[in-house]
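Novice: pasting the sequence and the predicted model now:
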Amino acid sequence: MSVEPSWDFYRSFLTVLQQGSLSAAARELGLTQPTIGRHVDALELAIGAELFTRSPNGLLPTDAALALKPYAETLAATTAALLRTASGQRDCVTGTVRVSASEVIAVEVLPAILGPLQETYPELQIELSASDTIEDLVNREADIAVRMAEPQQDALVVRRIGDIPLGFHAHRRYLERYGIPQTLADLANHRLIGFDRQTAYVRMVMKRYAVPGIEFSFRSDSNLAQLSAIRAGVGIGICQTGLARENPDLVHILPDAFSIPLGTWVAMHESLKSSPRCRATFDVLVKGLQDYHRYSTSA
């Protein structure tokens, strides 16, 4: 009679895979290194294959480990969702809600919305995932997501917030030194802040909304890093007009010639609409982001 491997074995395996060593995985999980080693050994015995090989750079995953990885990740997401569901009591706004949003929205906008919610419901706990990677709501990688692309999956409750405008902005200090561009063509003579890698999305945006052949002299794939560079006076970059308005030293450049509409939606799995904590969080996010949208688009 075969025995199903414990979930603990998969969790230890996945953490070693993510961290690259037994010791780092032990620190991450709060266990001892020998315990992590026993878990990996037990999983290898159960599946009949080696999962890691040793190298000067740490433990390297075998083909068997890479094949197991997506299933272990699904187990981790399902377990986290189960714990979040179990943490909530019926008819009470209590327990944990995991919210996924882009880096900029998560850091710059959502804390001011979610903070008062927790003041109203002290037993509510928020997990805020700040990442430009889309988390799967159907597989419950997150309970609620703020998306900058229209959700395409079925079985979701979705509210469209509207288009948040993006535009060129620069610090007054930079403009006092280098002048204010009067046309899009003038941007070629300025220090521009943008993306490091020319992905299909970046190429589409630059082709549709900007001057072809524009070059970035300060590059980062992090939208937060780009925003920080704009605020520091490094050069001219693209950011949300609502965020720029909060800083009197940031100037909107060429507002009539350049604007990118950033569609915004709030979504959650339809099975959660009867959950008091998820419903309360969803409604507050919709209301707060609608207020932010109005502020961003007001004259």
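Specialist: Okay, I see it.

Novice: all the strands of the stretch 151-299 of the chain, in order from the start?
Specialist: 156-171, 193-194, 218-219, 237-240, 250-253, 260-269 (DSSP state E, counting those that start in this stretch).

Novice: which ones are touching P261?
Specialist: Contact analysis of P261 by C-beta atoms under 8 Å, 6 or more residues apart in numbering lists 163-166. C-beta: built from backbone N, CA, C; applies to glycine.

Novice: of these, buried ones?
Specialist: With neighbours counted by 16 or more other C-beta atoms under 10 Å, the contacts of P261 contain buried members at 164-166.

Novice: which one of the residues you listed sits closest to I236?
Specialist: Checking the buried ones among the contacts of P261 against I236 with C-beta to C-beta, the nearest one is L166 at 12.9 Å.

Novice: touching, the closest one and Q240? I think so.
Specialist: Yes - contact criterion C-beta atoms under 8 Å: L166 and Q240 qualify, at 5.8 Å.

Novice: tell me, what's touching the two both at once?
Specialist: Shared contacts of L166 and Q240 (C-beta under 8 Å, 6+ apart): L262.

Novice: next up, phi/psi of S21, please.
Specialist: Here the main-chain torsion angles of S21 (degrees, to the nearest 10) amount to phi -160, psi 160.

Novice: what distance do you get for the closest residue to it other than its chain neighbours to A64?
Specialist: Of all residues beyond its chain neighbours, the one nearest S21 is G58 (4.7 Å), with distances taken as C-beta to C-beta, 6 or more residues apart in numbering. Using C-beta to C-beta, to the nearest Å, G58 is found at 18 Å from A64.

Novice: over to A24?
Specialist: If you measure A24 against A64 using C-beta to C-beta, the figure is 21 Å.

Novice: between the strands of the stretch 151-299 of the chain, which gets nearest to W7?
Specialist: Nearest of the strands of the stretch 151-299 of the chain (C-beta to C-beta): strand 260-269, 22.4 Å.

Novice: and the closest one, how far out from the chain middle?
Specialist: Offset of strand 260-269 from its chain centre (C-alpha atoms, centre = their mean, to the nearest Å): 13 Å.

Novice: mind listing the strands it pairs with, and their directions?
Specialist: Sheet pairing for strand 260-269, assigned by DSSP bridges, gives strand 144-147 (antiparallel), strand 156-171 (antiparallel).

Novice: now do the buried residues in that strand.
Specialist: Buried, per 16+ other C-beta under 10 Å, within strand 260-269: 260, 262, 264-269.

Novice: what's the weakest-modelled helix or strand in the chain?
Specialist: Lowest on mean pLDDT, DSSP states H and E among the helices and strands of the chain sits helix 200-209, with a mean of 65.

Novice: what is the burial count for R294?
Specialist: Look at R294: counted by other C-beta atoms under 10 Å, it has 11 neighbours.

Novice: run through the residues that contact it.
Specialist: Neighbours of R294 in contact, by C-beta under 8 Å, 6+ apart: none.

Novice: where does this protein dip in pLDDT?
Specialist: For the chain, the stretches flagged by pLDDT under 70 are 1-3, 84-91, 198-207, 209-213, 299.

Novice: tell me the domain ranges of it?
Specialist: The chain is divided into the following domains under the TED database: 5-85, 93-160+261-295, 164-258.

Novice: wait, E270 touches Q153, no?
Specialist: No - taking C-beta under 8 Å as the definition, E270 is not a contact partner of Q153, at 10.5 Å.

Novice: neighbours of the spatially closest residue to T79 that is not a sequence neighbour, how many?
Specialist: Using C-beta to C-beta, 6+ apart and skipping residues adjacent in sequence, the residue nearest T79 is W7, 6.6 Å away. Residues lying near W7 (other C-beta under 10 Å) number 13.
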